[in-house]
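Chemist: After the sequence you'll find the predicted model.
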Amino acid sequence: MIAIIKYNAGNATSVKNAVERLGYECSITSDANQILNADKVILPGVGEASSAMKFLKESKLDTVIKQLRQPVLGICLGQQLMCKYSEEGGTVCMGIFDAEVKRFPAVDIIPHMGWNSIEMLNSALFSDFTPGDNVYFVHSYYADITQDTSSVCNYIVPFSASMQKDNFYSTQFHPEKSAAVGEKILQKFLQL
C-alpha cells in the first residue's frame, strides 16, 4: 500500500490518480500507523509552508515522517518542507535535507510555472533519462543547491529540481503533471 499524506495541502487527489493509473493501491491518510506501515509514502503539496508545517507539527506527522525507513517522496511543497528552513512565513521545516528554501528574486516573473528542463541527473529515479528532459513546475520558492541535490533546474537562478538523502526523495516539479517523463519518475519511485 502507498500512503499519500493528508496535511491540508492541495494536490493529494491528482497524485493518488497518477499512482492508481500505474496500477498501485494507495490511500490519502493522516493516520500515523497507516503511514508507518505503508510500503511507500508520498508527501505531496500545493500550498503555503508555514500553515502546512503547523498542521504537520500539531498532528506530530513531522516526527512520523522523519522516522520513516521506507522510500518517501516529497513533491513540490513536500520537498520544501523536507528542507531545514523556508523563507515563506519564516518557517522552520523538518530538516531532512540540509537546504534553505528561498523566494525567487524577480517578483514580476514568478511563480515559475510551466515546462522546464532538468540537468545533472543523479538519482535512481532518473535512470533511463537524459539531461534536458522537461517536467512541469509551479512554485515561487525554491531549495538551494546542496550535497542532497539530485537534479538542477535553472529559472532566474539554478535550484534543486530534486533532492535525495538515504530513503528520502523529492521533486520540486510535479511528476503527476509531467506527462510521460513524470509517469516514469513515479514508476521508478514506486518500484524502489
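Modeler: Noted; the coordinates are in hand.

Chemist: Residue 145 should be in a strand, yeah?
Modeler: No - looking at residue 145 with DSSP: H, G, I helix; E, B strand; the rest coil, it is coil, so not inside a strand.

Chemist: What is the burial count for it?
Modeler: 16 (other Cβ atoms under 10 Å). Using the backbone N, CA and C atoms, a C-beta is placed for each residue, glycine as well.

Chemist: longest single strand anywhere in the chain?
Modeler: strand 157-165 (DSSP state E).

Chemist: Residues contacting the helix or strand following it, please?
Modeler: Downstream of strand 157-165, the next assigned helix or strand under DSSP states H and E is strand 168-171. With Cβ atoms under 8 Å, 6 or more residues apart in numbering as the test, strand 168-171 has contacts from 71-76, 78-79, 82, 96-97, 123, 125, 135, 150, 161-164, 185, 189.

Chemist: In helices only, show me the residues you listed.
Modeler: Counted as lying in helices by DSSP state H, out of those, are 78-79, 185, 189.

Chemist: In these, which residue is surrounded by the most others?
Modeler: Result: residue 79 is most packed of the ones in helices among the contacts of strand 168-171 (other Cβ under 10 Å), 29 neighbours.

Chemist: how about it, what does it touch?
Modeler: Residue 79 touches 97, 143, 160, 162-163, 170-172, counting by Cβ under 8 Å, 6+ apart.

Chemist: hmm, which two among those residues are most spread apart?
Modeler: 97 and 171 (12.3 Å; Cβ to Cβ).

Chemist: Comparing the two, which residue is more hemmed in?
Modeler: Neighbours per residue, other Cβ under 10 Å: of residue 97 and residue 171, the larger number sits with residue 171, 30 against 27.

Chemist: Distance of that one relative to residue 154?
Modeler: Counting by Cβ to Cβ, to the nearest Å, the gap from residue 171 to residue 154 is 16 Å.

Chemist: circling back to that earlier point, now do the longest strand of the chain: everything it contacts.
Modeler: Outside strand 157-165, the residues that touch it by Cβ under 8 Å, 6+ apart are 79, 82, 96-97, 99, 104-105, 118, 122-123, 125-126, 135, 137, 142-146, 148-153, 169-173.

Chemist: make it 7 Å
Modeler: Residues outside strand 157-165 that contact it (Cβ atoms under 7 Å, 6 or more residues apart in numbering): 79, 96-97, 99, 118, 123, 142-145, 148-153, 170-173.
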